[in-house]
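[1] Predicted coordinates and the sequence they were generated for:
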Amino acid sequence: MSTRLVLLGPPGAGKGTQAARLAERLGVPAISTGDIFRANIKGGTPLGKTVQEYTSRGALVPDSVTNEMVRDRLAQDDTAQGFLLDGYPRNVAQVGELDSILADAGLALDLAVEITADPDVVVARLLKRAEIEGREDDTEDVVRHRLDVYAQETAPIAHVYAERGLLAQVDGLGEVDAVTERLVAAIGAPSAG
């Protein structure tokens, strides 16, 4: 059985942590646009420089760049049994692009899972992560701006998937293992034995 999932939630809700855990549990790759962007920034690639121009001020990378990157990634062999997208789609237009990418391959999305979290908790998490990981782009002003951008552009995706009957919402607060088990239950995947 293949599993094709989208993981939604505000920055700092724990998507990256949970995506890795779920992908391992489901046996599919976790595909994070953020990780791909950061790798390009670290590597000093032209894409990385373009991405950094946007992320350094808390703005989102243009859809055209992101869409092409995701289309290419989903065409790779390791996605044949499914995938878990973390950070894409990030707006309603990208939902349409993902629909197109999957339709071109004769596939459809199985479920979108939204991790919910209190904004103040998210800000505290991201500031702590910035300190630990040395992320210069995670200042409080930038984090709050990213949350505002999420609320305006990305949160409406949940409504699109809810209208399609493809949305599950999971509380992202609490112990990491507890959140993972809530996600597994929402997806209908086997629990850890």
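    Sure, I can see it.

[2] remind me which residues of the protein are low pLDDT?
    Across the chain, the ranges flagged by pLDDT under 70 are 1-2, 189-193.

[3] mind listing the strands in it by residue range?
    All strands of the chain, identified by DSSP state E, fall at 3-8, 30-32, 82-86, 111-116, 167-171.

[4] Next, format the ones you listed as JSON lines and append distance to V179 and mean neighbour count.
    For glycine as for every other residue, the C-beta is placed from the backbone atoms N, C-alpha and C. Compiled in JSON lines, the strands of the chain are given as follows (distance: least, C-beta to C-beta, whole Å; neighbours: other C-beta atoms under 10 Å):
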{"stretch": "strand 3-8", "distance to V179": "12", "mean neighbour count": "24"}
{"stretch": "strand 30-32", "distance to V179": "15", "mean neighbour count": "22"}
{"stretch": "strand 82-86", "distance to V179": "14", "mean neighbour count": "24"}
{"stretch": "strand 111-116", "distance to V179": "7", "mean neighbour count": "21"}
{"stretch": "strand 167-171", "distance to V179": "7", "mean neighbour count": "18"}
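
[5] For those strands, give me CSV that also has distance to V184.
    Below are the strands of the chain laid out as CSV (distance: least, C-beta to C-beta, whole Å):
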stretch, distance to V184
strand 3-8, 12
strand 30-32, 14
strand 82-86, 12
strand 111-116, 10
strand 167-171, 10
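
[6] Any idea which of those gets closest to D177?
    Closest approach to D177 among those (C-beta to C-beta): strand 167-171, 13.4 Å.

[7] Given the closest one, what are its sheet partners and their directions?
    Neighbouring strands of strand 167-171 in its sheet, by DSSP bridges, are strand 111-116 (parallel).

[8] From the chain's centroid, how far away is the partner strand?
    How far strand 111-116 lies from its chain's middle: 10 Å, per C-alpha atoms, centre = their mean, to the nearest Å.

[9] right, so of the strands of the chain, which gets closest to T154?
    From those, taking C-beta to C-beta, the stretch that ends up closest is strand 3-8, at 7.0 Å.

[10] Let me know which of the strands of the chain is the nearest to V143.
    Across the strands of the chain, closest to V143 is strand 111-116 (C-beta to C-beta), at 16.6 Å.

[11] Output that closest one in CSV with nothing but the alpha carbons.
    Output in CSV follows, covering the C-alpha atoms of strand 111-116 (Å, rounded to 0.1, in the frame of the first residue of the first chain):
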residue,chain,number,x,y,z
LEU,A,111,-4.3,12.7,3.3
ALA,A,112,-3.2,16.1,4.6
VAL,A,113,-2.4,16.2,8.3
GLU,A,114,-2.3,19.5,10.1
ILE,A,115,-0.2,19.8,13.3
THR,A,116,-1.7,22.6,15.4
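
[12] From L166, how far off is A158?
    Separation of A158 from L166 (C-beta to C-beta, to the nearest Å): 10 Å.

[13] list the residues that contact both of those two?
    Common contacts of A158 and L166 (C-beta atoms under 8 Å, 6 or more residues apart in numbering): A112.

[14] how about stretch 93-106 as PDB, C-alpha atoms only?
    Output of stretch 93-106 as PDB, limited to C-alpha atoms (Å, rounded to 0.1, in the frame of the first residue of the first chain):
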ATOM      1  CA  ALA A  93      -1.900  27.800  -5.800                       C
ATOM      2  CA  GLN A  94       0.600  25.100  -4.900                       C
ATOM      3  CA  VAL A  95      -2.200  22.700  -3.900                       C
ATOM      4  CA  GLY A  96      -3.300  23.000  -7.600                       C
ATOM      5  CA  GLU A  97       0.300  22.400  -8.700                       C
ATOM      6  CA  LEU A  98       0.600  19.300  -6.500                       C
ATOM      7  CA  ASP A  99      -2.700  18.000  -7.900                       C
ATOM      8  CA  SER A 100      -1.300  18.500 -11.400                       C
ATOM      9  CA  ILE A 101       2.000  16.800 -10.500                       C
ATOM     10  CA  LEU A 102       0.200  13.800  -9.000                       C
ATOM     11  CA  ALA A 103      -2.400  13.600 -11.800                       C
ATOM     12  CA  ASP A 104       0.400  13.600 -14.400                       C
ATOM     13  CA  ALA A 105       1.800  10.500 -12.600                       C
ATOM     14  CA  GLY A 106      -1.700   8.900 -12.300                       C
END
